[in-house]
Each structure stands twice: as structure tokens, then as C-alpha cells.
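Visitor: Turn this into a structure:
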Amino acid sequence: MKLNPHESTRREQTLLILVIIIFHVVGLIGLTVPSTRTLFLQIVPWHILLMLIVIVCSHRPMEGKFILFALLIFAGSIILEWIGVHKNLIFGNYSYGPTLGLKVDEIPLIIGVNWFLLIYSAGVLMQRTRIRSILIRVIVGAIILVLLDLIIEPVAQHLGYWHWANNSVPLKNYLGWFLVSGVMLFVFEKFGFRKQGMVAPVLLLVQFVFFMVLLLF
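Guide: Numbering: from 1, shown residues only. This next block holds a predicted model:
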């Protein structure tokens, strides 16, 4: 029996959501068990790349402006991270550890992918709300990402994602996250993507749960 396009899309979305949940659960187990932690830290960049594939597969319709948006966020975030690491501007005084993989001039390339995933996921989440004002959607989305960073920071330092001078996260970091997220979410809004499914919002929610559980352990 041939599925209609709507039913096929729904099944694809469900499968992608299952991939997100399963791989984060496996990651949680791997990172919380001492004997497997080192191995799972080594595959963190590959996990992020898998989430990129999931999000790309979830976007409908696949179009040139989606690829352009992804490239803009990737390139823009790499530039901002370079300024942050080398000039101690925007976020504060920090440096990246080995966990996020391949670096170019001290900036792991996967961080640009991660910024795209966060911005896109928050953008789609706000897109699915009943908030009509672009400005309010941008502000609320930026606040959500700052709240996520509050949870991520202690975990990230412990697992070697990045390190802060004096092991202290400055208020400047959260202000920087809010401003950068706000600008990037505004760019998302201006691209005018068609309303998307629940895959990206689920990824964002799972990220909250993932880092909250790691924080507890």
C-alpha cells in the first residue's frame, strides 16, 4: 500500500526523532560510565555531525536558501568564536579543549555546526508558537538558548569542551550568548522558511534533558 506524501513525511519525522532520542540516551550512558567515558568523548564531534544529518533530512522543502542559512550561521559563528578566543571579546576569556575535535587556529570547526543546530532548532520552535511578533520570538528564543548554556557550561568544562580563565564563567558570556543568538535568530526569521515539523524542537528539548542529566552525574 502506497503512503500519501503527508503520511510518509510524518513517518520520516518520527524516525528522525527516534534517532535523536536513541543516540542521546546511548551518549548519556557512555559519558556517565567511567570505563566508556573516554571513548564517548572522542565521538562527540561525530554525534554532532549525525544530528546535523538528522536536521538536514527533516527540513522541508530542501532548498538553496536553507543551505545558505546554514553556511551563514556556520561561518558567522566561527568568526565570532575566533574573536572570542583570540581577543577575549564577546564571550570572555576562554579556550577550547580537545573534545570537540579538529581545530583551525584554535577553533573547533564542529562548534560552527553546533551553533547552526541550536539556532535552527530554537528558530523552528519559535516558528511553531502562536507568537506573531518577530521581535518577541527572537527575544524568547535567545533567552531559551541562554538557559541552555547555563546548563551546558559546568558540564562542558568538566568534559573538556572548553575552559574558562580562573574556571569562572563571566556574566559577559551569557550576555554574549543572548546577543549572538538574537542576531542569528533574527536572520532565521528573515529567511522565511516554511513551518517545519517537530524534529528540531525535539532536538532542543533533548539537549536540555541531556545536559541536565550529565550535570546531575
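Visitor: So what touches stretch 202-213?
Guide: Residues from elsewhere that reach stretch 202-213, judged by Cβ atoms under 8 Å, 6 or more residues apart in numbering: 17, 20-21, 24, 27-28, 32, 51, 54-55, 117-118, 121-122, 125, 144, 148, 151-152, 155. Where you see a C-beta, it was placed from the backbone N, CA and C, and this is true even at glycine.
Visitor: Oh, that last question was meant for stretch 7-17, not what I typed.
Guide: 3, 54, 57-58, 60, 197-199, 202.
Visitor: all strands of the protein, in order?
Guide: Along the chain, the segments classed as strands by DSSP state E run 94-96, 103-104, 107-108, 162-164.
Visitor: can you redo these as a markdown table with mean neighbour count?
Guide: Listed next are the strands of the chain as a markdown table, based on neighbours: other Cβ atoms under 10 Å:
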| stretch | mean neighbour count |
| --- | --- |
| strand 94-96 | 17 |
| strand 103-104 | 12 |
| strand 107-108 | 24 |
| strand 162-164 | 17 |
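Visitor: Let's have these in TSV, adding mean pLDDT and distance to Val206.
Guide: TSV is the format used below for these (pLDDT from 0 to 100; distance: least, Cβ to Cβ, whole Å):
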stretch	mean pLDDT	distance to Val206
strand 94-96	96	23
strand 103-104	96	26
strand 107-108	98	22
strand 162-164	96	21
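Visitor: Nearest to Thr129, out of those strands?
Guide: Thr129 sits nearest to strand 162-164 of all those, at 31.1 Å, using Cβ to Cβ.
Visitor: Remind me what the closest one packs against, helices and strands.
Guide: Applying 3 or more Cβ pairs under 8 Å, 6 or more residues apart in numbering; DSSP states H and E, one finds that strand 162-164 contacts strand 94-96, helix 134-158.
Visitor: ranges for the helices of the chain?
Guide: For the chain, the helices defined by DSSP state H cover 5-32, 34-42, 44-58, 64-87, 110-127, 134-158, 171-191, 199-216.
Visitor: just to revisit the earlier point, buried ones among the contacts of stretch 7-17?
Guide: For the contacts of stretch 7-17, a burial check counting by 16 or more other Cβ atoms under 10 Å picks out 54, 58, 197-199, 202.
Visitor: Output these as JSON lines; include the columns pLDDT and distance to Lys103.
Guide: Shown next, in JSON lines, are these (pLDDT from 0 to 100; distance: Cβ to Cβ, whole Å):
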{"residue": "Val54", "pLDDT": "98", "distance to Lys103": "24"}
{"residue": "Ser58", "pLDDT": "96", "distance to Lys103": "29"}
{"residue": "Gly197", "pLDDT": "95", "distance to Lys103": "34"}
{"residue": "Met198", "pLDDT": "97", "distance to Lys103": "34"}
{"residue": "Val199", "pLDDT": "98", "distance to Lys103": "29"}
{"residue": "Val202", "pLDDT": "98", "distance to Lys103": "30"}
